[in-house]
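**Q** no sequence for this one, just the structure:
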């Protein structure tokens with residue numbers, strides 16, 4: 001209560017006494033007893049009324065006993081079962097939960113984790129991944145302060161994420177690991193890591209890098225093999241001893257067949273090995289047929305054509321042919337891209353056919369281009385020209401986003417020749433190279449691309465491209481940078497994918513231990529993303545012919561289906577939209593691989609480091625009673641008496657209103673009884 005409120009109460013007391021005396025003490029003809037009785041009642045009523053108006057506030061204090069929190073974090077990954085520790089872990093967990101002394105001292109919260117932290121209802125060691133770092137990070141956000149001990153029942157083996165052993169200084173809690181497993185080093189020969197690209201082009205070779213590790217001291221020798229089905233594609237005998245613990249193999253495998261190609265890498269098992277699951281790793285690669293036929297159409301002979309042909313055919317999967325406009329029309333069905341070199345009116349029939357077929361093409365302009373005709377023949381590019389010529393230099397645009405081009409030293413390349421005038425590109429486009437004249441950067445593009453309704457076209461306004469290829473060789477002693485630049489442009493323009501109202505994003509293969517998600521985008525008839533669609537994906541396991549249908553949920557700007565937990569094998573799928581005749585189909589392979597099976601023992605080193613850095617201690621599962629006793633005897637974890645202060649306004653005290661009503665009612669009845677009303 002403030003001093004101001006106390007002053008108001010004193011004034012109210014004086015005023016209420018004065019008013020009571022005025023009504024029943026001054027010139028009153030009542031008896032003395034009656035005056036005192038009625039005056040007292042009037043004073044009580046007035047004082048109660050004034051107190052309600054002043055409404056003073058009082059502090060109310062209550063006290064409760066608060067037990068410290070105790071978090072029990074249980075590893076639910078399948079590595080616990082592979083190490084045959086599930087029974088011991090269940091027993092240790094039961095001892096913690098059933099100890100009455102522990103529950104009397106602590107408020108116990110239980111959590112489980114595999115991929116992420118979650119509430120623990122029951123123990124089931126089926127998780128296909130271990131993210132201990134995420135579980136510790138989430139607990140750190142739930143609790144703050146070292147008075148919250150965390151009992152971590154885990155083998156310490158993590159398959160993904162950051163190294164948790166260095167997180168100790170970031171955590172607020174003390175970690176007490178209950179280790180599932182032991183630290184005994186067993187003799188083991190395993191494929192520690194295998195790296196391979198997901199994609200390769202037909203006819204090329206793709207790299208494979210394999211790390212084979214040996215845990216042991218005796219000298220051994222085993223064969224390392226890679227097989228594709230029943231065919232041996234690589235074999236090498238590896239020798240290990242106490243000083244040679246690992247081999248890093250870097251090899252090249254041929255990509256001879258289109259599609260998903262599966263391989264099996266293996267190292268021979270030792271007689272004394274307890275875990276042979278880590279002696280084998282399956283992997284796959286998708287081989288893409290990049291065969292592209294390019295038509296170089298020209299009515300003149302020019303060294304640019306030879307330079308372009310050589311650059312395009314640097315990739316063995318691409319073929320380029322120089323033809324005239326009339327011949328080109330008959331070869332369009334077998335071609336993926338057409339290059340129109342300095343077109344004139346003789347290109348009229350060809351350009352019309354390209355528009356009818358909605359084919360991609362590249363226009364290369366120069367001093368012999370008929371721009372008056374070209375401006376009328378197609379709608380994408382326009383140039384007002386005169387008969388004058390000018391030299392233009394190229395300036396690379398770093399904001400180009402259609403694809404990631406090979407960057408060469410454009411500022412060192414000789415200028416190209418073109419007709420004087422500014423080039424305009426109509427509609428949405430990307431500028432790869434800009435024109436510079438005498439060091440002045442113009443707004444006109446030299447090389448630009450457009451894409452409308454899936455049709456890709458480009459213009460390269462400059463004659464003398466062969467000089468660029470020659471200059472690249474003089475500077476680098478190779479043509480490769482320029483050839484890559486041209487090859488990437490050809491690859492981008494040769495893609496003939498048309499946009500569909502339903503686009504599905506799915507890989508050709510997945511690994512069984514990794515998250516499996518398929519995404520889709522659904523568009524309305526104006527090709528605007530439609531969030532109102534009802535999408536489903538129907539999966540068919542090709543080996544068992546089992547069918548599974550899963551709804552796709554809207555997340556952000558795409559629909560997603562989480563398909564984790566599928567058995568390994570080949571799958572076909574169909575994504576459709578309810579109420580619409582729109583569907584997309586495809587196939588993928590799910591390769592069997594369980595990373596949780598690769599562990600032989602608990603990672604005691606990391607768990608010990610984590611416990612030390614957080615101020616906790618390390619125990620094993622059979623030491624759960626010792627951990628309970630230590631927690632009960634630890635003076636840092638005590639029941640705390642918590643004071644709760646509550647500010648209570650007097651107007652909330654209903655008894656004061658009852659006193660006011662009672663005083664006024666009693667005064668009225670007494671006056672009525674004595675005939676004073």
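**A** Now that the structure is in, tell me what you want to look at. The model shown is predicted, which means the values in this text are computed figures rather than measured ones. Numbers count the residues shown, from 1 in each chain.

**Q** The residue lying closest to residue 458 once chain neighbours are set aside: which element?
**A** Distances taken as Cβ to Cβ, 6 or more residues apart in numbering place residue 449 nearest to residue 458, at 4.4 Å, with adjacent residues excluded. For every residue, glycine as well, the C-beta is placed using N, CA and C. Using DSSP states H and E, the element containing residue 449 is strand 440-452.

**Q** Then residue 124?
**A** Going by DSSP H and E, residue 124 is not in any helix or strand.

**Q** Mind pulling the model confidence for it?
**A** Predicted confidence (pLDDT) for residue 124: 86.

**Q** Residue 62 now?
**A** Residue 62 carries a pLDDT value of 74.

**Q** right, and it touches residue 641 too?
**A** No - the pair residue 62 / residue 641 is not scored as a contact, 10.8 Å apart, by Cβ atoms under 8 Å.

**Q** now the strands for the stretch 501-650 of the chain?
**A** Here the stretch 501-650 of the chain has its strands, by DSSP state E, counting those that start in this stretch, at 502-505, 509-511, 517-522, 535-541, 547-555, 558-562, 569-577, 583-591, 619-620, 640-649.

**Q** Wait, residue 529 touches residue 522, no?
**A** Yes - contact criterion Cβ under 8 Å: residue 529 and residue 522 qualify, at 7.3 Å.

**Q** Compare neighbour counts for the two and give me the winner.
**A** residue 522 (24 against 11; other Cβ atoms under 10 Å).

**Q** That one is in contact with residue 535, isn't it?
**A** Yes - the criterion here is Cβ under 8 Å, and residue 522 meets it with residue 535 at 6.2 Å.

**Q** List the beta-bridge partners for residue 340.
**A** Beta bridges link residue 340 to residue 297, residue 363, judged by DSSP bridges.

**Q** how many neighbours does it have?
**A** Neighbours of residue 340 (other Cβ under 10 Å): 27.

**Q** measure it to residue 469 for me?
**A** From residue 340 across to residue 469, the span is 20 Å (Cβ to Cβ, to the nearest Å).

**Q** same check, this time on residue 233
**A** From residue 233 to residue 469 the distance is 37 Å (Cβ to Cβ).

**Q** cool, residue 139 as well?
**A** In terms of Cβ to Cβ, residue 139 sits 61 Å off from residue 469.

**Q** between residue 522 and residue 535, what contacts are shared?
**A** Residues touching both residue 522 and residue 535 (Cβ atoms under 8 Å, 6 or more residues apart in numbering) are 559, 577.

**Q** okay, the angle between the helix or strand residue 493 falls within and strand 440-452?
**A** In the assignment (DSSP H and E), residue 493 maps to helix 480-494. Relative orientation of helix 480-494 and strand 440-452, computed by axes from the mean of the first three to the mean of the last three Cα atoms, to 10 degrees: 40 degrees.

**Q** More neighbours: which of residue 233 and residue 469?
**A** Set residue 233 next to residue 469 and count neighbours by other Cβ under 10 Å: residue 469 wins out with 22 against 17.

**Q** any idea how the protein splits into domains?
**A** The record's domain parsing of the chain by automatic domain parsing lists 3-62+646-673, 68-183+605-638, 188-288, 293-494, 502-595.
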